[in-house]
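Asks: give me coordinates for this.
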Amino acid sequence: MTLAEFLADPLRVTQISDSVLEIENRPVRRAVIAAAVILVAIAAGLAAIGDGATGTGIIVLAVVGLIGWLYMHELVQLTQLSLDRHAGLVRLRVTTLRGRREETFALSDLHKLESIAHYGTAAGNDETRLVLICGSGPERREIIVPMFRPDPEEVAHLTGVVNGWLSRQGKGNPS
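Replies: Numbers count the residues shown, from 1 in each chain. Next up is the predicted model:
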């Protein structure tokens, strides 16, 4: 297991049936590791203050607070994708420390899900994204499903699961 595999939080299919498909990305492992590192750094800053190095301790606490806050704002994000045949809706819900954002559109507009790879300039900067492809022609929309560094293999697997579920859309429905 590589470090990237260890840090990657799984993309979970929380519900799958003929009428509903729900997927979620909850980066618990990364958040716990980041919180532990932040707590250790805070303890080091407090220890420095306790030993008489007040200036150093305050600087450590300020830097840890700023960097920790910025990192946790990026990291702590719950992404839920729900496809519902009965309601005919796709719901993309993203919950972060800043609040919740929800986007809903017709299931009939969703053509497929694609995994798109973005290659970084340095090793380890590659990123794979899930993109919802809606509409066609000039009205085509691409909606990026926000996730913090998902595992590329899981993204590819999930793409297959969603596209397989979408391909069964017309089967068994009276419409």
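Asks: against residue 46, how distant is the closest residue to residue 108 other than its chain neighbours?
Replies: Nearest non-adjacent residue to residue 108, counting by C-beta to C-beta, 6 or more residues apart in numbering: residue 88, 6.6 Å away. Quick note: C-beta positions are derived from backbone N, CA and C, even for glycine. Look at residue 88 and residue 46: by C-beta to C-beta, to the nearest Å, they are 55 Å apart.
Asks: do the same with residue 161
Replies: 47 Å.
Asks: okay, now residue 101: neighbour count?
Replies: Residue 101 is flanked by 11 other residues according to other C-beta atoms under 10 Å.
Asks: leaving out sequence neighbours, find the closest residue to it.
Replies: Looking at residue 101 with C-beta to C-beta, 6+ apart, the closest residue is residue 94, at 5.0 Å.
Asks: ok, now which ones touch the residue nearest to the spatial centre of the chain?
Replies: Among the residues of the chain, the one closest to the centroid is residue 147, at 2.0 Å (C-alpha atoms, centre = their mean). Residue 147 makes contact with 11, 25, 27, 77, 79, 129, 130 under the criterion C-beta atoms under 8 Å, 6 or more residues apart in numbering.
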